[in-house]
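**Q** need a 3D model of the sequence below.
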Amino acid sequence: MPLDVVFLVLVGAAFHATWNALVKSGSDKQLDSSMIALGASVASLCALPFLPMTLPHPEAWPYILASICIHFTYYQLVGAAYRFGDIGLVYPLMRGVAPLIVATTSGTVLAETLSPMMYAGVLAICAGVLTLAAEARSGNMKAAGIAILNAFVIAAYTYVDGLGARAAGDPITYTIWICILPPLLLFSFAFFMRGVRPVVAHARRTWRRGLFGGAGSVASYGLALYAMTKAPIAAVAALRETSILFALIISVVFLKEKASVWRYIAGGVIALGALIMKLG
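**A** Residues are numbered from 1 along each chain as shown. From the prediction side, this is the model:
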């Protein structure tokens, strides 16, 4: 992978860990995840007039519609997982299992071939994040089950959006559109389940948080999709999982979660996997 692509994916990983920490630290995990999506939508609408392409190629729209539905499921599961489990359990499982799924199926789905070195890097990164999950004992089986289920959802949108970004003609334009539309489903569902007044009241209290986290979410995913047009999707998906290093720092410094020596060992394994991928 080119050095500039590696750097962009790592910056996006830091943004991703930050918005997940915002959801975990919020008062209502389900609505907070929807507020992140709404913030991403607002940030995307503001950016839309400045793009060289305001609409992706027509071939990309089936991918966009599929992605909206997948991301609705993703945000719902993010909120549910953080309601039941610690970020030290949930985040590694969600982000660690997904690239393993993609890496082991990309040959069949996309006919992409990774070098042996890059496969070694994929496996090292996955081993590191799964070690972190095993070390995080404050979670429970329900949270772990939701997180693993969401890993399959993440793998699904990795494929859909990787292909959609390639078909769109411009990966940034594609990203903007898949960020604009999901809140329509998320808040329609929230209004139906909870009523309009409680949801609006929560939005008024947390709009700054949602806007900040949403902007970071857009930047994170946009950088990843751009990288997927320059390097194999499975490799980018795996390298993006270094966000666990940033999540670990945030969990210790800001969320005051306990960290054993195994977390740091696992973090080293992740960093080694990223290096192996670079050398590959």
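
**Q** name the residues of stretch 127-135 that are buried.
**A** In terms of neighbour count (16 or more other CB atoms under 10 Å), stretch 127-135 has its buried residues at A127, G128, V129, L130, T131, L132, A133, E135. Yep, even glycine has a C-beta here, placed from its N, CA and C like the rest.

**Q** now it: how far from the chain's centre is it?
**A** A distance of 18 Å separates the centroid of the chain from that of stretch 127-135, by CA atoms, centre = their mean, to the nearest Å.

**Q** same thing with stretch 64-75?
**A** How far stretch 64-75 lies from its chain's middle: 12 Å, per CA atoms, centre = their mean.

**Q** same check on stretch 107-127?
**A** For stretch 107-127, the distance to the chain centre is 19 Å (CA atoms, centre = their mean).

**Q** show me the contact partners of it.
**A** 96-97, 99-100, 103, 106, 159, 162-163, 232-235, 238-239, 241-242, 269-270, 272-280 (CB atoms under 8 Å, 6 or more residues apart in numbering).

**Q** same thing with stretch 197-210?
**A** Stretch 197-210 is contacted by residues L22, G26, D28, L31, D32, M35, I36, L38, G39, F187, A190, F191 when judged by CB under 8 Å, 6+ apart.

**Q** pLDDT weak spots in the chain?
**A** By pLDDT under 70, the low-scoring segments of the chain are 110, 112, 135-139, 259, 278-280.

**Q** please enumerate the helices of it.
**A** For the chain, applying DSSP state H gives helices covering 3-24, 29-47, 61-84, 87-109, 116-135, 141-168, 171-180, 182-194, 196-228, 233-239, 243-253, 261-279.

**Q** burial check on A124, number of neighbours?
**A** Using other CB atoms under 10 Å, A124 has 20 neighbouring residues.

**Q** gap between V90 and G96?
**A** 11 Å (CB to CB, to the nearest Å).

**Q** these two - which one has more neighbours?
**A** The neighbour comparison of V90 against G96 (other CB under 10 Å) goes to V90, with 29 against 26.

**Q** quick one: the more buried one and A80 touch, right?
**A** No. If you go by CB atoms under 8 Å, V90 and A80 don't touch, sitting 9.7 Å apart.

**Q** give me the common contacts of those two.
**A** Common contacts of V90 and A80 (CB under 8 Å, 6+ apart): I146.

**Q** tell me the spacing between I249 and L255.
**A** Distance from I249 to L255, by CB to CB: 10 Å.
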